[in-house]
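Trainee: starting from these lines, generate the structure:
(chains A and B)
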Amino acid sequence: DGGITQSPKYLFRKEGQNVTLSCEQNLNHDAMYWYRQDPGQGLRLIYYSQIVNDFQKGDIAEGYSVSREKKESFPLTVTSAQKNPTAFYLCASSMSRAVKTQYFGPGTRLLVL
Amino acid sequence: AQSVSQHNHHVILSEAASLELGCNYSYGGTVNLFWYVQYPGQHLQLLLKYFSGDPLVKGIKGFEAEFIKSKFSFNLRKPSVQWSDTAEYFCAVNDNNNDMRFGAGTRLTVKP
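Mentor: This is a model prediction of the structure:
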C-alpha cells in the first residue's frame, strides 16, 4: 500500500523535553512538508523539504527542527523552545515542489503533561 | 500576505439538503485551488482541485466546486448531502511561487 505513515498516533511531552515525530512515505515523492493544525486555525506550515539534505522554514518554524537524510523520511523534532506544542501535526508529501497536489498522513496528536 | 477565508465555521444540515461552503482567497495572478476533507478519525483527503481549464470542477463523492476568478472564490457544493459527509472541509490555495495556504476549515454536521 502506497502512502504516508506517521508515528506515534499520540505523543506526550514533559516540560523541557524534546520529542520527535516520525513521517515516512513510500510514494517516491521528492517534496515533504510538516503542518500544525489547531482548532479554528486551519493548517500552518512549519517546515518543508524539496529534496534530500535540503529543508526550508515555513511560517511557524520557531521551536521546531527537521532533517531529511533519506528521501522517504522527514522527522520533526519539537524542542523545549516551543512553548505551546499541544496540537495535531500533519505530514504531507508531493511529487515535487512544483507539483502542487499534496497528500497527507494520518497525523500525530502531541499533548503536554 | 496571501490568505484564504472560509466563511462558515460550523454548518449543520439535514440529510438531502443542498450544501455550499464558501472559500475566498487574496492571491493575485494564477492560482491552484484545492478542497480537502477530514472525516472523523481519518487523515486529510483531497476532494477536488483546480489548476486550469473548465472552472467547474467535479470531485469525489458528488462534490463540485466553481472557480470564479472575478470574485476570488472557489465555493464547494453538493446538491444532496448524506450523513456520511459529516467532516471538516478545508479550502487551500497556492500559486507557482508560494506555499499552500489553508483556510480555517468548516465543520459540517449532517443530521440523519
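
Trainee: I'd like to know which elements the lowest-mean-pLDDT helix or strand in chain B is packed against.
Mentor: Sorting the helices and strands of chain B by mean pLDDT, DSSP states H and E puts strand B:101-102 at the bottom, at a mean of 92. Judged by 3 or more C-beta pairs under 8 Å, 6 or more residues apart in numbering or on different chains; DSSP states H and E, strand B:101-102 is in contact with strand A:42-51, strand B:87-94. From N, CA and C alone the C-beta is placed, and that goes for glycine too.

Trainee: where's residue A:57 relative to residue B:20, distance?
Mentor: Using C-beta to C-beta, to the nearest Å, residue A:57 is found at 36 Å from residue B:20.

Trainee: ok, back up a step: and the least confident helix or strand of chain B, which strands flank it?
Mentor: Sheet pairing of strand B:101-102 (DSSP bridges) gives strand B:87-94 (antiparallel).

Trainee: now find how far off-centre the strand it pairs with is within its chain.
Mentor: 5 Å (C-alpha atoms, centre = their mean, to the nearest Å).

Trainee: would you mind writing the CA trace of it as CSV?
Mentor: Taking Å, rounded to 0.1, in the frame of the first residue of the first chain, the C-alpha atoms of strand B:87-94 are listed here in CSV:
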residue,chain,number,x,y,z
ALA,B,87,-16.5,16.0,8.3
GLU,B,88,-14.3,19.1,8.4
TYR,B,89,-13.6,20.7,5.0
PHE,B,90,-10.6,22.8,4.2
CYS,B,91,-10.0,25.1,1.2
ALA,B,92,-6.4,25.6,0.2
VAL,B,93,-4.7,27.9,-2.4
ASN,B,94,-1.2,28.3,-3.8
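
Trainee: before we move on, back to that, can I get the helices and strands packed on strand B:101-102 in a markdown table with mean pLDDT and mean neighbour count?
Mentor: Below are the helices and strands packed on strand B:101-102 laid out as a markdown table (pLDDT from 0 to 100; neighbours: other C-beta atoms under 10 Å in any protein chain shown):
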| stretch | mean pLDDT | mean neighbour count |
| --- | --- | --- |
| strand A:42-51 | 94 | 20 |
| strand B:87-94 | 95 | 23 |
